[in-house]
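need the 3D shape of this:
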Amino acid sequence: MNQNFARLCRRSGGYSLPWLITISDGTTTLYFINDADDLSYGGTLYKASTFSYGPSASDNGFSGGGSLQIAAADANEVNSLIGLIEASDELSFDALGILLDDGTVNELKAFRHQHGRVSWNGRTASFTFDPDDRLGMTFPALIFCHYNNRGN
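Below is the predicted model of the structure:
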């Protein structure tokens, strides 16, 4: 990883590595990579696309905030992405990993978003992810009923 970091620093700011992401409604999942070529990883084909993903800068996205602007590469991908957005009440976004220069994928576990808004035009979808507000609660985020709180 130190070689990759040194190589990225020499690029004078052009050090964005390709992200592997998924957008899902629970039944249908779309797989994208922001690279020029498709990538097969873990038995799944990630379609080449153009997108810009940025977790919230204040806490590196660990609370769930951030943004994604995605433009699919061809008309079929645009139709499937817009169709998924229009048909779903609830979407989840996962950044699964980044593609390193040597062709290996560095897996990520912390970048998952479920709360936010989306807008789209004919070709580009813009997601704005809200932080998970459960982290600021002063009471436990549990619902008690007679099944899990017997005797009360």
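
break down this protein into its strands, ranges please.
Here the chain has its strands, by DSSP state E, at 19-24, 29-33, 39-41, 44-55, 66-72, 92-99, 105-107, 112-113, 116-120, 124-129.

and those strands, which one is worst for confidence?
Confidence, taken as mean pLDDT, is least for strand 112-113 of those (a mean of 78).

what's that strand packed up against?
When contacts are defined as 3 or more Cβ pairs under 8 Å, 6 or more residues apart in numbering; DSSP states H and E, strand 112-113 sits against strand 92-99. Glycine gets a C-beta too; all of them are placed from N, C-alpha and C.

residues in contact with the strand it packs on?
17-26, 33, 35, 39, 41, 53, 55, 68, 105-108, 111-114, 127, 129 (Cβ atoms under 8 Å, 6 or more residues apart in numbering).

list the buried residues for it?
Phe93, Asp94, Ala95, Leu96, Gly97, Ile98, Leu99 (16 or more other Cβ atoms under 10 Å).

and which of the residues you listed is nearest Arg150?
Distance to Arg150, by Cβ to Cβ, is smallest for Asp94 among the buried residues of strand 92-99, at 36.2 Å.
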